[in-house]
Every structure is written in structure tokens, then in C-alpha cells.
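>>> generate coordinates for the sequence data below:
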Amino acid sequence: MSIAENIDQIKSILPEQVKLVAVSKTKAKELILEAYRHGQRAFGENKVQEMSLKYEGLPKDIEWHFIGHLQSNKIKYIAPFVHLIHGVDSFKLLKAIDMEARKAGRVIPVLFQFHIAEEETKFGLSIDEATDLLNSEEFKLLKNIQVRGVMGMATYTEDEHQIRKEFACLKSWFDLLKRSYFAEKPEFKEISMGMSGDYPIALEEGSTMVRIGSNIFGERNYLKN
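Next up is the predicted model:
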């Protein structure tokens with residue numbers, strides 16, 4: 001099937017309020033444009049240099065979502081244009097984003113990334129780290145970030161029960177933070193969970209944003225220099 005047909009097939013099962021982020025990392029601009037011409041506007045990248053190059057060479061109404069592990073010293077390159085940073089996994093990173101957003105004259109939307117998987121390779125906060133962060137006086141001083149919700153990645157496994165349990169955990173942490181810290185903040189509404197292999201389960205557990213690459217573009221291929 002074509003990229004357009006793949007997008008239509010995915011959108012046919014997405015609830016209306018769920019956003020599709022097309023994961024375009026390693027994909028050539030021509031493929032991104034194919035999706036763009038079919039109406040797709042949100043694209044996800046996990047490398048700062050690649051995202052910056054694509055931003056320069058592609059239409060300016062694209063929403064660029066940074067979905068990888070972000071290093072503090074590289075925020076400045078995407079601060080002027082990034083639409084949403086999904087992977088805030090430390091207070092240090094959050095403060096660095098706030099500083100670069102201030103320099104860029106922007107407020108940058110972010111998601112707290114939680115470690116919900118049983119794999120050590122995944123990054124993320126614990127719920128205790130997140131509540132400590134939100135209770136701190138230092139957090140209250142941050143004026144150039146806006147926390148929009150949470151993000152998490154389930155364990156890479158065939159065990160659907162485990163995946164469901166991990167997504168349900170993220171949803172419960174979202175509910176806790178919403179109730180305790182963001183009840184008066186309507187913008188705190190996003191639960192970014194679900195990828196090509198597990199997004200139907202994520203939808204059942206309350207996802208508002210799915211990050212899908214191979215089901216749209218096919219298996220990954222690496223850009224030539």
C-alpha cells in the first residue's frame with residue numbers, strides 16, 4: 001500500500017481526539033512530503049541534526065515532535081521551532097529547555113517521560129521523581145515551558161498483558177498528576193503512548209497521541225549523506 005493508504009488505514013481506527021504523529025526518523029524528505037500532501041502535519045524525529053535539516057527543507061506548517069532522548073547541549077538547535085518535546089526525563093533537561101525557550105522568545109510544550117517498561121534501556125522519570133519536581137520551588141520559576149502531559153514506551157514484548165499493564169500504569173500516573181497538580185490546566189491533556197506494534201492496546205488504555213513509523217513508511221531505511 002502507499003503511504004497515503006497506510007495513513008488512511010490507521011486513521012480509520014483512531015478516535016477523533018487522538019493525534020497521529022508520523023515517525024519520520026531516517027526517512028527521506030520525499031516520503032515525508034508524500035504524507036504531507038495527504039494531509040499529515042505532525043512528524044516525529046529523534047535526532048536533533050536530522051530534525052533541523054528537515055525543518056529547513058520542508059513546509060513550515062509541519063509540527064515537529066521531538067521523540068528521542070534529548071541532550072541538553074542540543075536543545076538550542078530546535079528551540080526556535082519544535083512543536084512538542086515528548087521525552088523530558090529529568091529536571092536538568094527541563095530547566096535547560098526553559099532556558100533555551102526563553103532565549104528563543106517562546107514557551108515550549110513538553111511531556112514528562114515516565115519509565116514504565118521493564119527494560120533498562122528505556123529512559124524516564126519515576127512517579128516520585130515527577131512529584132518531587134512539581135513540588136519544588138525551582139519548578140515554579142520556569143516560565144518558558146508548558147507541561148502538556150505524559151509519555152511512555154512499553155516493553156518490547158509479545159506479551160499483550162504486560163504491555164497493557166504498563167500503559168494502564170502510565171494512564172494512572174497521568175490521572176494522579178492531573179488531579180494533584182494540573183486540575184486547573186486544560187492544556188495538560190496528552191498521553192503519548194503507542195507505536196506501530198502496540199498502538200491498538202494504547203488506544204484502549206487511554207492514549208491521546210500515537211507515534212507510528214513503520215506502519216506508515218515501511219521498515220526503517222537510513223538517510224544517505
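>>> SS state for the residue positioned nearest the centre of the chain?
Centroid-nearest residue in the chain, with C-alpha atoms, centre = their mean: residue 86, separated by 3.3 Å. Counting by DSSP: H, G, I helix; E, B strand; the rest coil, the backbone at residue 86 sits in strand.
>>> I'd assumed residue 66 was in contact with it.
Yes - shown here, residue 86 and residue 66 form a contact pair, counting by C-beta atoms under 8 Å, at 6.5 Å. C-beta here means a position set from N, CA and C on the backbone, and glycine is covered the same way.
>>> which neighbours do these two share?
Residues touching both residue 86 and residue 66 (C-beta atoms under 8 Å, 6 or more residues apart in numbering) are residue 44.
>>> show me the shaky parts of the chain.
Of all residues in the chain, those with pLDDT under 70 make up the ranges 121-122, 220-225.
>>> can you give me the helices in it?
All helices of the chain, identified by DSSP state H, fall at 3-11, 29-37, 48-57, 75-78, 91-103, 127-135, 137-140, 160-180, 199-204, 214-217.
>>> got the angle for the first one vs helix 29-37?
Translated: helix 3-11. If you take axes from the mean of the first three to the mean of the last three C-alpha atoms, to 10 degrees, helix 3-11 sits at 50 degrees to helix 29-37.
>>> for residue 62, what are its contacts?
Residues near residue 62 by C-beta under 8 Å, 6+ apart: 32, 36, 41, 42, 43, 55.
>>> can you count the residues close to the closest residue to residue 74 other than its chain neighbours?
Spatially, and ignoring its direct neighbours in sequence, residue 74 is nearest to residue 48 (4.2 Å; C-beta to C-beta, 6 or more residues apart in numbering). The number of residues packed near residue 48 is 19, by other C-beta atoms under 10 Å.
>>> and the gap between residue 48 and residue 28?
Computed as C-beta to C-beta, to the nearest Å, the residue 48 to residue 28 distance reads 18 Å.
>>> and residue 92, by the same measure?
To residue 28, residue 92 is 34 Å away according to C-beta to C-beta.
>>> and these two? which has more neighbours close in?
Each of residue 92 and residue 28 has its neighbours counted (other C-beta under 10 Å); residue 28 has more, 15 against 10.
>>> contacting residues around the closest residue in space to residue 189 that isn't next to it in sequence?
The shortest distance from residue 189 to any non-neighbouring residue, by C-beta to C-beta, 6+ apart, is to residue 149 (6.0 Å). Residues near residue 149 by C-beta under 8 Å, 6+ apart: 111, 112, 174, 188, 189, 190, 191, 192, 208.
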